[in-house]
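Peer 1: Next come a sequence and a model predicted from it.
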Amino acid sequence: MEPKPRGWGSDYAAWFDQPSVAGRYVHRPPYPASLFPLLAGLAVELPRAVLDAGCGPGDLARRLSPLVGRVDAVDRSPRMLAQGRRLPGGDAGNLRWILGGVEDAPLDPPYALVTAG
């Protein structure tokens with residue numbers, strides 16, 4: 001794996017745990033509804049597990065979970081994960097919120113699809 005670009009270290013990732021950043025994520029443009037069936041259609045290998053890397057508040061993970069077998073949503077920010085758990089769909093039984101970097105988080109492969117929105 002190639003190294004991350006300069007400036008994308010743990011200091012950069014820490015910004016996403018700032019209350020002001022996490023709180024403003026609701027203002028990001030939403031993903032179009034047509035995206036979710038398209039992504040779910042790509043996850044054809046059983047058990048149709050999806051890894052959402054750098055999930056933030058789970059805008060992809062929460063909406064994919066009803067369409068696939070399982071979603072592992074990984075992020076370094078406890079605030080983002082907490083926010084995702086509180087949002088609609090954040091309590092889905094097949095959605096696992098994982099704190100950590102995707103490089104060292106306790107993952108459960110294989111994954112049929114990996115997203116990074």
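Peer 2: Great, that's in hand.

Peer 1: Number of residues surrounding Leu95?
Peer 2: When neighbours are defined as other C-beta atoms under 10 Å, Leu95 has 24 of them. C-beta: built from backbone N, CA, C; applies to glycine.

Peer 1: dump the residue contacts of the nearest residue to it once chain neighbours are set aside.
Peer 2: Nearest non-adjacent residue to Leu95, counting by C-beta to C-beta, 6 or more residues apart in numbering: Ser65, 4.4 Å away. Residues in contact with Ser65, defined by C-beta atoms under 8 Å, 6 or more residues apart in numbering, are 71, 89, 92, 94-95.

Peer 1: now Val74
Peer 2: 51-55, 98-102, 105, 107.

Peer 1: Tell me the buried residues within the residues you listed.
Peer 2: With neighbours counted by 16 or more other C-beta atoms under 10 Å, the contacts of Val74 contain buried members at 51-55, 98, 102, 105, 107.

Peer 1: Which of those residues lies at the shortest distance from Val26?
Peer 2: In terms of C-beta to C-beta, no member of these lies closer to Val26 than Cys55, at 15.1 Å.

Peer 1: Regarding the closest residue to that closest one other than its chain neighbours, what is its secondary structure?
Peer 2: Leaving aside its sequence neighbours, Cys55 sits nearest to Ala73 (C-beta to C-beta, 6+ apart; 3.9 Å). What DSSP: H, G, I helix; E, B strand; the rest coil gives for Ala73 is strand.

Peer 1: Arg96 now?
Peer 2: Following three-state DSSP, we place Arg96 in the strand state.
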